[in-house]
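Asker: Next comes the sequence, and after it the predicted model I'd like to discuss.
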Amino acid sequence: MHLNGSTFNDLRQVGIHPNFWYPVARSVNVKSGKLFATQFAGEPIVIARTAQGAVFALEDRCAHRQMPLHLGVLEDERLKCGYHGWCYGAGGRLDRIPYLTEGGKIPPEARRVRSYPCREQYGLIFIFAGATAMAEDVPLPNLPEFQSAEYSTMYFSREVGCHYTFMHENLMDMNHQFLHRRLMGGIQPVLLSHRAGDDWVEAEYKFEGGKQHPGADLLVMGGKGERQTDRDYELMTVRTDYPYQNLVVYRSHSTIPTIRLWAAYVPIDDEQRRNRSFGLLMIRRPKVPGLLMLARPLIRYFAQSVFYQDRLAVEAEQRAYDSQGADWNHEVSPVLLELRRVLAERGISRHEATTQHGSPELPKRVAEARQ
Ligand code: FES
Ligand SMILES: [Fe+2]
């Protein structure tokens, strides 16, 4: 796919590649012995947490009459459909039809529902929506700060009415500081360098001048006064490692992240025009114990205000796209142009992404991804 060359394909028609681990729920929202309904790119998924605390994920559609399984109940680690009580095991196999009479036959297509590899990490529940056989070989994101006692993590999760690629562009694009001028004053980002590979893009920025909201100053308290290097400015790196993003800030003279924001944007609907954005904001603790605890409400207020402004912008972009029927983006930033290339090359065409469930026209690449 060539976005910047002569053949232009519409980035907003590119489906996210399913062969990755995507968060679909926060752990705290999936209670023991309960079912939780979610979605990945139009595929309804039910997450179940057994009384013992284990999680598993199934297609949220009963093989009998397509009743959503999340309306059922969990009984002895099995999911019982709420309509006629068909029972499924964690692997999606139909174990039992309570009223099946002797000699009654179960059609082969009704003997199971799809199950998704499912893992719990970082307070999130991840599913692997692509080729199940590949799940073992694809790593979950690596977030060393999350495990470290030196950091405290704040969660953000909400639905945003836009294609996931708008989210990627928004975070990588520090030139939209103007949108946040009320919160960030006259701070000016300066692009220092950028690099890109097949499935990644990274940009380094420094910030000059201006006062900002106190929440922004409190956010970067950790590591103040350290001297590990001569760099006398705060450094920010923003990196897309398809399909995730990381924004990391280092204080001047410090080589240890003062914050790391990890983000994933998970398409909800078939057309991928809505996404659920998950963010983990890992904040390095300042030396004074308890200070971060006190600062948390102000930090959260600041982060949510920034996100609110970003959401206004990306949802407006989606509306413009919908009314114009095409991507009229005229990008000038070299970082964003690289990012658009990565997103286009790594994704799958939305036509492929939506032609699913064994349709005869299923393109080979998608069929493999969804086997
Ligand atoms: S629809 Fe699920 S048991 Fe009938
Ligand atoms: Fe922003």
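Answerer: All right, it came through fine. Numbers count the residues shown, from 1 in each chain. Ligands and ions are numbered 1, 2, ... in the order given.

Asker: which stretches of the stretch 51-200 of the chain form strands?
Answerer: 55-59, 73-75, 78-80, 87-88, 94-96, 115-116, 118-121, 124-128, 151-160, 188-196, 200-208 (DSSP state E, counting those that start in this stretch).

Asker: Quickly find the element holding Ala25.
Answerer: Assigned by DSSP states H and E, Ala25 belongs to strand 21-26.

Asker: helix or strand right after that strand?
Answerer: Toward the C-terminus from strand 21-26 - assigned by DSSP H and E - lies strand 35-40.

Asker: Averaged pLDDT, the very next helix or strand once past that next one. What do you get?
Answerer: Per DSSP H and E, the first helix or strand lying C-terminal to strand 35-40 is strand 43-49. Taken as a whole, strand 43-49 has an average pLDDT of 98.

Asker: any idea of the angle strand 43-49 forms with strand 124-128?
Answerer: 130 degrees (axes from the mean of the first three to the mean of the last three C-alpha atoms, to 10 degrees).

Asker: So which bits of stretch 14-28 are buried?
Answerer: 14-27 (16 or more other C-beta atoms under 10 Å). The way it works is simple: take the backbone N, C-alpha and C, and place the C-beta from them, glycine included.

Asker: repeat for stretch 342-350
Answerer: 342-344, 346-350.

Asker: what's the answer for stretch 117-132, then?
Answerer: In stretch 117-132, counting by 16+ other C-beta under 10 Å, buried: 117-118, 120, 122, 124-131.

Asker: Verify the stated contact: Met134 with Asn19.
Answerer: Yes: proximity of Met134 to Asn19 meets the contact threshold set by C-beta atoms under 8 Å, at 5.5 Å.

Asker: follow-up on the earlier one: now render the strands of the stretch 51-200 of the chain as CSV, adding distance to Val238.
Answerer: Below are the strands of the stretch 51-200 of the chain laid out as CSV (distance: least, C-beta to C-beta, whole Å):
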stretch, distance to Val238
strand 55-59, 31
strand 73-75, 41
strand 78-80, 41
strand 87-88, 42
strand 94-96, 47
strand 115-116, 30
strand 118-121, 23
strand 124-128, 21
strand 151-160, 16
strand 188-196, 9
strand 200-208, 5
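
Asker: how about the ones you listed in TSV, adding distance to Pro107 and mean pLDDT?
Answerer: Below are the strands of the stretch 51-200 of the chain laid out as TSV (distance: least, C-beta to C-beta, whole Å; pLDDT from 0 to 100):
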stretch	distance to Pro107	mean pLDDT
strand 55-59	17	98
strand 73-75	24	96
strand 78-80	20	96
strand 87-88	15	96
strand 94-96	10	92
strand 115-116	19	98
strand 118-121	27	98
strand 124-128	27	98
strand 151-160	37	96
strand 188-196	50	93
strand 200-208	46	93
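
Asker: out of these, which comes closest to Thr255?
Answerer: strand 200-208 (13.5 Å; C-beta to C-beta).

Asker: which helices and strands sit right next to the closest one?
Answerer: strand 188-196, strand 235-241, helix 334-346 (3 or more C-beta pairs under 8 Å, 6 or more residues apart in numbering; DSSP states H and E).

Asker: name the helices or strands packed onto the last one?
Answerer: Read that as helix 334-346. So helix 334-346, by 3+ C-beta pairs under 8 Å, 6+ apart, packs with helix 164-172, strand 188-196, strand 200-208, strand 235-241.

Asker: Export the first one to CSV, keeping only CA atoms.
Answerer: This file holds the C-alpha atoms of helix 164-172, laid out as CSV (Å, rounded to 0.1, in the frame of the first residue of the first chain):
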residue,chain,number,x,y,z
TYR,A,164,-7.9,4.0,15.5
THR,A,165,-5.4,5.6,13.0
PHE,A,166,-6.6,9.1,14.1
MET,A,167,-5.5,8.3,17.6
HIS,A,168,-2.0,7.2,16.5
GLU,A,169,-1.6,10.4,14.5
ASN,A,170,-2.8,12.5,17.3
LEU,A,171,-0.3,11.2,19.9
MET,A,172,2.6,11.2,17.6
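
Asker: Just want the angle from that helix to strand 235-241.
Answerer: Using the same axes, to 10 degrees, helix 164-172 lies at 160 degrees relative to strand 235-241.

Asker: center of the protein, which residue is that?
Answerer: Ranked by distance to the mean C-alpha position of the chain (C-alpha atoms, centre = their mean), the top residue is Ala264 at 2.2 Å.

Asker: Quick one: residues contacting it.
Answerer: Going by C-beta atoms under 8 Å, 6 or more residues apart in numbering, Ala264 touches 22-23, 141, 243-245, 277-278.
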